[in-house]
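Undergrad: Got a predicted model here, sequence first, then my questions.
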Amino acid sequence: MNILFIDPIFGISGDMLISAFLDAGMPFQELYDLLAKIPIDMPEIKPVKMNQGIIEGIHLEIAESKTHLSITQMEQLIDDLNVDSEIKDGAKGILNVLVAAEAKVHGVPRDQVHFHELSHIDTLIDVISVAKCIHYFDIEKVYCGPLPMGRGTIKISHGYVPNPPPATVEILTGYSLRFIDTSLELTTPTGAAVVRYYVKDRHGIPSFTMEKIGYGLGSYKSEIPDALRIFIGRSEHPSGVEEVWLLEADLDDMNMEYLGAVAERIREKGALDVLYFPVYMKKGRIGIRLSVTVPAKALQSAIDSVFMETTTFGVRMQKLQRQVLKRDEKIIHTPYGSVRVKNGYNRDGHLVKTHIEFNDVKKIADDKGLAYQSVLEIVKRKLDSI
């Protein structure tokens with residue numbers, strides 16, 4: 001599979017990552033043509049070869065612009081682009097990370113978020129261009145090194161805020177950071193959002209054969225080069241493999257009628273799966289083994305939930321790998337209502353299985369007074385006709 005490793009030597013921003021992709025071989029004309037499709041006045045953009053110390057790379061120059069856009073406007077402009085759906089999904093995904101962080105930091109609903117600096121057209125340019133570059137190089141998995149952070153305070157439209165800004169900190173919760181003694185904003189909210197959206201595996205990078213390298217350069221002058229480095233290569237690590245944790249606890253002194261509700265609460269904390277089954281314990285006692293599969297990002301939350309909701313005094317932990325099919329979700333329209341259908345694809349992109357969402361079938365059957373099997377057969381026939 002094709003992988004991307006981001007090495008944020010002196011931080012990460014949207015334009016520095018785009019610059020690194022250009023240095024690695026992304027044709028600038030393709031980016032330019034894509035941005036030209038957006039029906040608003042675009043600032044002049046050009047890549048410039050420059051040096052930071054002994055490092056040569058690309059610096060993306062974006063001319064000044066007074067164009068500001070609302071979240072809704074950005075989303076609509078992305079939706080209206082005549083490009084591959086993966087590019088749209090990537091651009092909107094990065095944007096959604098930014099919006100969610102701003103909403104949480106300011107304690108307001110998503111539709112009341114005002115972007116301030118992030119409403120600038122540069123944000124739209126960044127999210128679309130990064131998504132385009134990921135698609136151009138056919139990147140299947142993205143990894144990132146520890147993210148550098150400055151200290152002190154920085155000035156934004158609201159006045160002075162802590163460095164790194166609250167939105168950046170919120171976005172990177174659970175990611176590896178390192179602080180550098182500088183007052184510069186090394187990792188921007190947009191750069192952080194790119195990492196949050198694309199980097200799913202935070203526990204090491206598999207071995208890979210390096211094929212391309214790129215340097216994106218900023219304009220700060222310091223002892224450390226203001227540079228972002230990327231590696232693009234091929235890994236034999238199977239596509240779809242991800243690291244998970246298995247948590248186990250044996251229970252023999254708990255009121256079992258509560259266990260189903262407890263399992264649901266643990267799932268709500270981010271668990272991928274929660275199972276429980278009988279086991280024989282000391283002195284021939286029959287107990288219950290609780291087995292929880294959880295991604296790394298939800299590990300501590302799941303552990304806390306197990307301790308809070310069960311009688312156990314300890315949890316066993318193992319790091320495992322699992323392989324999952326690539327998947328997407330489609331909507332099947334029937335005479336009685338819509339039903340979600342999940343498709344699973346192998347490494348070659350071939351459809352290998354389809355799963356009809358039970359809750360949707362159940363709701364239609366309950367609302368219409370029909371047998372579950374009757375609704376299921378209707379959906380199956382609809383699928384066969386597509």
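TA: Yep, that arrived.
Undergrad: And what about residue 331, helix, strand or coil?
TA: strand (DSSP: H, G, I helix; E, B strand; the rest coil).
Undergrad: Now do the same contact list for it.
TA: Counting by CB atoms under 8 Å, 6 or more residues apart in numbering, residue 331 touches 338-341. (C-beta placed from N, C-alpha, C; glycine too.)
Undergrad: buried subset of these?
TA: 339, 341 (16 or more other CB atoms under 10 Å).
Undergrad: which intervals of the stretch 201-350 of the chain have sub-threshold pLDDT?
TA: Scanning the stretch 201-350 of the chain for pLDDT under 70 picks out 203, 237-240.
Undergrad: okay if I get the contacts of residue 331 as TSV plus distance to residue 172 and secondary structure?
TA: Listed next are the contacts of residue 331 as TSV, based on distance: CB to CB, whole Å; DSSP: H, G, I helix; E, B strand; the rest coil:
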residue	distance to residue 172	secondary structure
338	37	strand
339	38	strand
340	32	strand
341	35	strand
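Undergrad: Centroid-nearest residue for the protein?
TA: The residue lying closest to the centre of the chain (CA atoms, centre = their mean) is residue 197, at 2.5 Å.
Undergrad: hang on, isn't that residue packed against residue 97?
TA: Yes: counting by CB atoms under 8 Å, residue 197 does reach residue 97; the two are 5.3 Å apart.
Undergrad: still on that earlier bit, and the gap between the residue nearest to the centre of the chain and residue 131?
TA: With the distance defined as CB to CB, to the nearest Å, residue 197 ends up 9 Å from residue 131.
Undergrad: overlap in contacts of the two?
TA: 90, 93-94.
Undergrad: Show me these that map onto helices.
TA: 90, 93-94 (DSSP state H).
Undergrad: a strand runs through residue 15, doesn't it?
TA: No: the assignment for residue 15, made by three-state DSSP, is helix rather than a strand.
Undergrad: can you pull the contacts of it?
TA: By CB under 8 Å, 6+ apart, residue 15 lies in contact with 60, 62, 122, 126, 216.
Undergrad: I figured the fourth one was touching residue 18, is that so?
TA: Spelled out, that is residue 126. Yes: the criterion here is CB under 8 Å, and residue 126 meets it with residue 18 at 6.9 Å.
Undergrad: one step back: CSV for the shared contacts of residue 197 and residue 131, including distance to residue 269 and pLDDT?
TA: Shown next, in CSV, are the shared contacts of residue 197 and residue 131 (distance: CB to CB, whole Å; pLDDT from 0 to 100):
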residue, distance to residue 269, pLDDT
90, 28, 95
93, 23, 94
94, 26, 96
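Undergrad: From those, pick the one nearest residue 176.
TA: Closest approach between the shared contacts of residue 197 and residue 131 and residue 176, by CB to CB: residue 94, at 19.8 Å.
Undergrad: Against residue 322, how distant is that closest one?
TA: With the distance defined as CB to CB, residue 94 ends up 26 Å from residue 322.
Undergrad: Mind checking which of those two has more residues around it?
TA: Using other CB atoms under 10 Å, the more surrounded residue of residue 94 and residue 322 is residue 94, with 26 against 14.
Undergrad: For that one, give me its contacts.
TA: Listed by CB under 8 Å, 6+ apart, the contact partners of residue 94 are 126-127, 130-131, 190, 193-194, 197.
Undergrad: just the residues you listed now: which is nearest residue 255?
TA: Comparing the contacts of residue 94 against residue 255 with CB to CB places residue 197 closest, at 42.0 Å.
Undergrad: Over to the closest one. Which of the three states is it?
TA: Going by three-state DSSP: residue 197 is helix.
Undergrad: check contacts around it.
TA: Contact partners of residue 197, counting by CB under 8 Å, 6+ apart, are 90, 93-94, 96-97.
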